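[1] Okay, sequence plus prediction incoming.
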Amino acid sequence: MGHANEAHRTTPYTVPEAAARKLLELAANVAAVLHGRIYIDRINALFMIGLEGSGREFGDGLKYAIQRGWLSKHESGTYVKLLQRGENLV
């Protein structure tokens, strides 16, 4: 879906907090590769293809989760780590 159409979409993930919580749920169910690292493309694919979320929603949700200390993103941008677990987050 192109960026022009994204502005008119209404999904559960247009709210950054909702997108962030869904990303946490997805990340918690993806196998970490080493030391808790989760390849970002794995959760990106689940979010954008599986749930039909947009790139903007993914980015906003990721930013929200990082700002709240729920996820960290490696400086390379290739993986994330869950920093907090618990039912109150997902």
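    Everything's here; your move. If you're wondering where the values come from, they're calculated on a predicted model, not measured in any experiment.
[2] what about V15, distance to G77?
    Distance, V15 to G77, by CB to CB, to the nearest Å: 24 Å. Every residue, glycine included, has its C-beta placed from N, CA and C.
[3] Then T11?
    The gap separating T11 from G77 is 24 Å, by CB to CB.
[4] Between its first and last residues, how far does stretch 35-53 reach?
    Terminal residues of stretch 35-53 are spaced 28 Å apart (CA to CA, to the nearest Å).
[5] related to what we said a few turns ago, compare T11 and G77 (neighbour count), which wins?
    The neighbour comparison of T11 against G77 (other CB atoms under 10 Å) goes to T11, with 14 against 8.
[6] OK, contacts around the more buried one?
    52-54, 57 (CB atoms under 8 Å, 6 or more residues apart in numbering).
[7] Select only the buried ones of those in PyMOL?
    Entered in PyMOL, the line below selects the buried ones among these, by 16 or more other CB atoms under 10 Å:
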select buried, resi 53+54+57
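[8] That concludes my questions; thank you for your assistance.
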